[in-house]
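Enquirer: show me how the following folds:
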Amino acid sequence: MVKVLEEKGYRFYIYSNDHLPIHIHVIKEDAEAKIHLEPEILIKYNSGFKSKDLRNILLIIELTLITLNRDGMNLSMNKESVNYIKSLESGEKDLGKPGDFSSEEFMQNPDPIDLLIKNNTLQIVGIHFRPEMDLRLIVLNNTKIIKCKISDFKRLKSATLEDLEKHQISRYGIHWDKLDEDLSLRGFLQYEISHIDMPLFV
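Expert: Numbers count the residues shown, from 1 in each chain. Next up is the predicted model:
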């Protein structure tokens, strides 16, 4: 679950296997970001978006929250996020090549799983299905494999193998447009860490 909004080429969505605090993910082409909505609007991470994109994304989020009439929600921008956008703008201007500076991955206040992903540059590189065994294999770029059940997620449980294989892998997750399902790398790591005593990186 589930695409929330699509505007100006930006796809706003929620990962089914994600966690609190309340936040939303945004993807466009090869760029991806995560925006916390509470207790204030905060850019949790950015991979590939330019400063102009981030300003557009934040404006869309703010207007959407106003339209939804989220009484009591703090629409103020986190100070570090404001400074980050300004540093992006400055870096893009200095380089003379907008976008180059934004290729550096940014994470704000990372927790242990965020650091596990960033410090080991963990990424999903493949996914394989064995419906007859109710098995889904998530392959990471460090050669580790995370095993989980297809039936753990309602939208995947009832899907055909053909539809399961029609997915897109991004920096932080897997997306099935037809099935309207999104699953995060972070969620898979949380599940694996809580279920087995095996290192996920070397």
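Enquirer: quick one: residue 182 is in a strand?
Expert: Yes: counting by DSSP: H, G, I helix; E, B strand; the rest coil, residue 182 falls inside a strand.
Enquirer: now tell me which helix or strand of this protein has the poorest mean pLDDT.
Expert: When each helix and strand of the chain is scored by mean pLDDT, DSSP states H and E, helix 79-95 comes last, with a mean of 80.
Enquirer: which positions in it come out as buried?
Expert: Residues 81, 84, 85, 88, 89, 92 are the ones in helix 79-95 that count as buried (16 or more other C-beta atoms under 10 Å). C-beta coordinates here come from the backbone N, C-alpha and C atoms, glycine included.
Enquirer: the last one reaches residue 49, doesn't it?
Expert: No: under the criterion of C-beta atoms under 8 Å, residue 92 makes no contact with residue 49, lying 11.4 Å away.
Enquirer: after the least confident helix or strand of the chain, which helix or strand is next?
Expert: Per DSSP states H and E, the first helix or strand lying C-terminal to helix 79-95 is strand 106-107.
Enquirer: the host helix or strand of residue 53 - contacts with which helices or strands?
Expert: Using DSSP H and E, residue 53 falls within helix 51-67. Judged by 3 or more C-beta pairs under 8 Å, 6 or more residues apart in numbering; DSSP states H and E, helix 51-67 is in contact with strand 3-7, strand 10-13, strand 23-28, strand 31-36, helix 79-95.
Enquirer: out of those, nearest to residue 114?
Expert: strand 31-36 (9.7 Å; C-beta to C-beta).
Enquirer: okay, the closest one in PDB with CA atoms only?
Expert: The C-alpha coordinates for strand 31-36 follow below in PDB (Å, rounded to 0.1, in the frame of the first residue of the first chain):
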ATOM      1  CA  ALA A  31      15.200  10.000  -7.500                       C
ATOM      2  CA  GLU A  32      13.500   9.200  -4.200                       C
ATOM      3  CA  ALA A  33      12.900  11.000  -1.000                       C
ATOM      4  CA  LYS A  34      11.100  10.400   2.400                       C
ATOM      5  CA  ILE A  35       9.300  13.300   4.100                       C
ATOM      6  CA  HIS A  36       8.200  13.200   7.700                       C
END
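Enquirer: right, I'll leave it there.
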